[in-house]
Each structure stands twice: as structure tokens, then as C-alpha cells.
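Undergrad: Build me a structure from this.
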Amino acid sequence: MYTRRRFKLIPAIMWTSEVLLPTILWSSAVTATHILGGFEWLRLPALPVTVLGTAVAFYLGFKGNASYERLWEARKIWGGIVNTSRTWGTFVTTLVTDQHCTTPPQTPLAEVHRELVYRHVAWLAALRVQLLRPKSWEHREPWNDNFRDAFGTLDTSDARLQAGIAPLLQTAEVDMLMARKNRATQLVQRQGERLRDLLFEGRIEDFRHMQLLAIIEELYTLQGKCERIKNFPLPRQYSTANHWFVVIFITMLPFALVGSFHGTDLPEAYAWATIPASVVVSWVFYMWDRVLDYSENPFEGLINDVPMGALSRTIEIDLREMLGEATLPPPLPLINGEVMM
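TA: A predicted model of the protein is given here:
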């Protein structure tokens, strides 16, 4: 997530530079052919291109609503994960007690609390890795992978996940987990199994067991919502058609502008203003299409993502404080002072 008030202009222009040179060359060719070549018929009335531009703008508005909805829903889901995680920590440390034990339990209560909390932190790590794994419709160009490498979101291997959860779980549980496909699901399943064991031990009774299982159910719901956004893209027909319409509009724009400038009372030399005007208008439309294209995938490890790493670290700090731990991991710093991941 980008945290500055506004994007810097130069990086934004570089981000969309692929449209600038083709637009400059194309508008220059149209203008030179019209003025120097004497092909004055090589122009279009402004009205058809204006109508097309209006239609493209409406279509961009539709795509903007859809892209923003996906991004904002993802952020709300992770807000729910933060709240539910804190509830889990509070319930674990206050409802799991030795009050109803009929025989002295073998595992100290503090160790049980630690196990349940640490397994939840491992679930956050597993979910985050699964959501960052690439899909075919995401932006997988080499330069974007360079950004992912700088952001620490490129490596989604099993080895990295195993290294991340090894300090949180017992070795046997880590080995079992790495043999499964959906590790996040299996960790929540393991939490449910552990609650069943605690019920049999008398450390929770039926009512407390149901309350804790309700949180398990909510975690599954939140995980499923994340997976829905990750595994089902904005329909490709909408995204593709929108891009094509922008390209058609950019292609036709110089023909309309050169006619407008040439048809005024201004000197003929002013027809060369077609070039900068075409470049600016084309850049605006292309920039907006590109922003929306990147906003529709909030879990792809790039600058517009939901900051899952920072939110997970915040949750980990809160939960470990609930355990009474004094040595806590620091909050994740901003990358280059402007990106939160």
C-alpha cells in the first residue's frame, strides 16, 4: 500500500511510459502527413471521436467501481481478520482455564495459551503466502517481479513458509502441515481439534467450546472471502474490452484534433499542437485504465496491495502482548519510506 499523500509525478510517468513514445510517434505522423504531405482529407470530425471518448469514460467509470470494490472489500476482510484475531487472543487467554479440570492436566496452562496463539500467527503466515502466489491474469512482467523482490513478496515457496512457521509450531505439526495443499485451512482445522481436546480435559466446558468454535467459523469465512477475490478475477471480457476501447480512442484522437486545430481561425502552424494535445489526452485515459487494471488484484504483492504483512505483524504483536510476553517483534517499517506491505 502506497502511504504518501500523492504519487510522485516522475515515477508515475515512468510507470506509464510505454504509451508516451507510441503516442508521440503516431500523432506526429498523422500531423505531418496532414500538414506537410498535403493530405488534408486525413482528418475526422470531432463529434464521433468525442462521442467515443465519452463512451470510453463511462466504461472506465464502470471498471473503476468494480476495481475499487474488489480492493476495498479485500481491505475490509483484513480488517475483519484483525478484529477476529484479537477476539481469538482474548477468548483463549480468558476462557481456557483449569477451572473445570477434574485431574491435574499435564500441559501447563500458559503453554496451552501459547500454542493456540502461535498457531493462529502461523495461520496468518500461511494465508498470506497462499494469497501472494501468482495467477495467470496478474501482472507477472519481469519489472513487476523486481518490485516484488524489493517488497519481499516475490518468494512464495514452501521453503520460505516452512521457515516462517517453524518457530511457531512443533516439528511434527510443521511436517504434517507441509504435506497438505491448503495449509491455512489445515491450521484452522488443527485449532478445532485442539479445542476438542481441551473440552475433554475440562479446560473449557460446552458453552466456552461453542464460543471458541464460532471464532473458528469466522476465520474460515474470512479466509474464504480472500480466496474468492484471489481466485476469481475481474471478468476478463470487461477488462479486455475496456483496454481495447482505450486503444481505439487513442488511435483515432489525432485525426480529430488535427481537424479541430486546422479548422480554426488560428494560423496553420497551430495544427502542430495536435501532438502535445494527443499525448496529454491519451496519457490521461491510459493512466486511468492502468490504475484500475492494477487495483483489481489486491493480493498480487505490488504497491497497490492490501498490506497483509504489516497487518499480520500488528496482530502478532497484540496477541503476544496478551500472552504477557515482553520481547515483541517490531512493526514492519515502510519500504523506501513510502510503501507498506
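Undergrad: residues of the helix or strand bottoming out on mean pLDDT in the chain that come out buried?
TA: Lowest mean confidence among the helices and strands of the chain (mean pLDDT, DSSP states H and E): helix 9-15, at a mean of 80. Burial within helix 9-15, assessed by neighbour count using 16 or more other CB atoms under 10 Å, is assigned to no residue. C-betas here are computed from N, CA, C, even on glycine.
Undergrad: Name the residues that touch it?
TA: Counting by CB atoms under 8 Å, 6 or more residues apart in numbering, the neighbours of helix 9-15 from elsewhere in the structure are 20, 287, 290.
Undergrad: could you point out which element follows it?
TA: Scanning forward in sequence from helix 9-15, with DSSP states H and E defining helices and strands, the next element found is helix 17-35.
Undergrad: how about low-confidence regions in the stretch 201-341 of the chain?
TA: 262-270 (pLDDT under 70).
Undergrad: mind listing the helices for it?
TA: Using DSSP state H, counting those that start in this stretch, the helices found in the stretch 201-341 of the chain span residues 206-231, 236-262, 274-295, 308-322.
Undergrad: Point out the one among the ones you listed that comes closest to Asn336.
TA: Distances from Asn336 to each of those were compared using CB to CB; the minimum, 14.4 Å, belongs to helix 308-322.
Undergrad: Format the CA atom coordinates belonging to the closest one as CSV.
TA: The C-alpha trace of helix 308-322 is given here as CSV (Å, rounded to 0.1, in the frame of the first residue of the first chain):
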residue,chain,number,x,y,z
MET,A,308,-1.1,-8.1,4.7
GLY,A,309,2.4,-8.3,6.1
ALA,A,310,2.0,-5.1,8.2
LEU,A,311,-1.4,-6.1,9.4
SER,A,312,-0.2,-9.6,10.3
ARG,A,313,2.7,-8.2,12.3
THR,A,314,0.2,-5.9,14.2
ILE,A,315,-1.9,-8.9,15.0
GLU,A,316,1.2,-10.9,16.2
ILE,A,317,2.3,-8.0,18.5
ASP,A,318,-1.2,-7.7,20.0
LEU,A,319,-1.6,-11.4,20.6
ARG,A,320,1.9,-11.9,22.1
GLU,A,321,1.2,-9.0,24.4
MET,A,322,-1.9,-10.8,25.5
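Undergrad: What is that helix packed up against?
TA: helix 46-95, helix 109-132 (3 or more CB pairs under 8 Å, 6 or more residues apart in numbering; DSSP states H and E).
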